[in-house]
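Chemist: could you work out the structure for the sequence below:
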Amino acid sequence: LPGRAARGLPDDEDLARLLARALVAAALAAVLDGDVPVVPEGAARDAAVASLAALMGARPDGSERGLGALLARPALRLATGAAVRRRRALTEAAHPAAADIMRYLARGEAVRRALRELIEGLPGPVVVVGHSLGGIIALDTLLATALPRVELLVTVGSQGPFLYESGALPALAHPEPLPAHLPDWLNLYDRRDLLGYRGAGLFPDRVTDVEVDNRQPFPAAHSAYWTNPAVYRAIAARLP
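Modeler: Numbers count the residues shown, from 1 in each chain. Take a look at the predicted model:
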């Protein structure tokens, strides 16, 4: 490659690694642009980078040590760090555009009724797991109605605490406390997922927050929970 940047690289292996990371980043960006719900987890992403770099001449066992990695990682941290610092502004800007959440908040009773009927038809104990909007629906339903069969609520990447603090959660007005009938609540979040909120600060001793690392920047972090083994381990540890 001609140009000052290419001439400044120490050797062809570093260039191969840099190009491999750029290609994988472009592929992931295309996945996100296409609104594909499943995003490769960190290990799969790194394996793809290593394979591409090896095909272009880099040593596979050194794929994480070259200049490409040193350049790519700070850039990723800077981009994600800037977004994290602007977390509330970004969430509030994105919230009105989330038509599915807005539709639920306006006309959610049919969904809550369907979930109640499903739970009531199951033998106990029941564990309710919800991601993103699913977590909002699960929380809201269990707040509104005592369902004794449910022994554990699991929310993943949930905006439930944010909606409560904003006064927008239908079944619980801020600053009312959680009702006594709400089951144990496990809340999983990734600090890079700007749409996943912690709840223990709002509801002391009623919510267990567990941080997981999906090894993705935002917004991919919000879709990557289900390829993260730590998520399943955290849920399994709390099963009744």
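Chemist: what helices or strands is the helix or strand containing residue 45 leaning on?
Modeler: If you go by DSSP states H and E, residue 45 is part of helix 42-55. Applying 3 or more CB pairs under 8 Å, 6 or more residues apart in numbering; DSSP states H and E, we find helix 42-55 packed against helix 12-33. From N, CA and C alone the C-beta is placed, and that goes for glycine too.
Chemist: for residue 203, which non-adjacent residue is spatially closest?
Modeler: residue 178 (5.3 Å; CB to CB, 6 or more residues apart in numbering).
Chemist: does that neighbour really touch residue 200, like I thought?
Modeler: No - under the criterion of CB atoms under 8 Å, residue 178 is not in contact with residue 200, lying 11.5 Å apart.
Chemist: who has more neighbours, these two?
Modeler: Neighbour count, other CB atoms under 10 Å: between residue 178 and residue 200, residue 178 has more, with 18 against 14.
Chemist: so what's that one up against?
Modeler: By CB atoms under 8 Å, 6 or more residues apart in numbering, the residues touching residue 178 are 143, 172, 185, 203, 206.
Chemist: packing partners for the helix or strand where the first one lies?
Modeler: What it means is residue 143. Using DSSP H and E, the element containing residue 143 is helix 133-144. The contact analysis (3+ CB pairs under 8 Å, 6+ apart) places helix 133-144 against helix 99-106, helix 109-120, strand 126-131, strand 150-156, helix 160-165.
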